[in-house]
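[1] Starting from these lines, generate the structure:
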Amino acid sequence: MGKLLIALFSSPMQYQNTVTVYEFAKAAVEKKHKVSIFCDADAVYNLMADQIPLDQVTPAKRFAELIDMGVRVLVCQQSARSRGVDVEKELIKGLVKSSLGELAQLMEESDRVVSFNV
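    Sure, this is the predicted structure:
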C-alpha cells in the first residue's frame, strides 16, 4: 500500500488534532499503509512519558500504542531542546529522533502528506 506522512504541530491542548491524528493513523495502519508521524513545535509535548497515568488515555499513551502498531513516530530534536524537553529522558520509548531535514525527505518520499496545525 501507500506511504502516509502525518505532520503534527499542535500541543496536547489542541486535543482534537491529537485524537484525529491517532484515529487517522490507526485506520491507515489497519488498511496496511506505511505510516510516519512527525512531531514538531509544541507537538513534542504530546510525547511526554510522564503523561501516562494508568487510568486515563493521554496523548502519550495513544502515540505509544501507534508505535506498538508499527507506526514510525519521529520527534524534532531541536523543537524538543528549545522547549527544555530532554529527548532521551522525558519522552516515550520507541521514538525516532529527527530533524526538519528529515521531515523534508519524508515529504518527498511519501505518497500523501497531511498536516495538523494550531
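
[2] Mind listing the residues bridging to the closest residue in space to residue 77 that isn't next to it in sequence?
    Nearest in space to residue 77, with sequence neighbours left out and distances taken as Cβ to Cβ, 6 or more residues apart in numbering, is residue 97 at 5.1 Å. The way it works is simple: take the backbone N, C-alpha and C, and place the C-beta from them, glycine included. Under DSSP bridges, the beta-bridge partners of residue 97 are residue 75.

[3] residues touching residue 97, list them.
    Contacts for residue 97 (Cβ atoms under 8 Å, 6 or more residues apart in numbering) come out as 74, 75, 77, 87.

[4] Quick check, the last one in contact with residue 77.
    Yes: the pair residue 87 / residue 77 is scored as a contact, 5.6 Å apart, by Cβ atoms under 8 Å.

[5] pLDDT wise, what is the residue nearest to residue 77 at?
    Residue 97 carries a pLDDT value of 97.

[6] burial of residue 5, as a residue count?
    22 (other Cβ atoms under 10 Å).

[7] Next, give phi and psi for the residue nearest to residue 43 when sequence neighbours are not counted.
    Spatial nearest neighbour of residue 43, excluding adjacent residues (Cβ to Cβ, 6+ apart): residue 8 at 4.2 Å. With angles defined as degrees, to the nearest 10, residue 8 shows backbone torsions of phi -120, psi 130.
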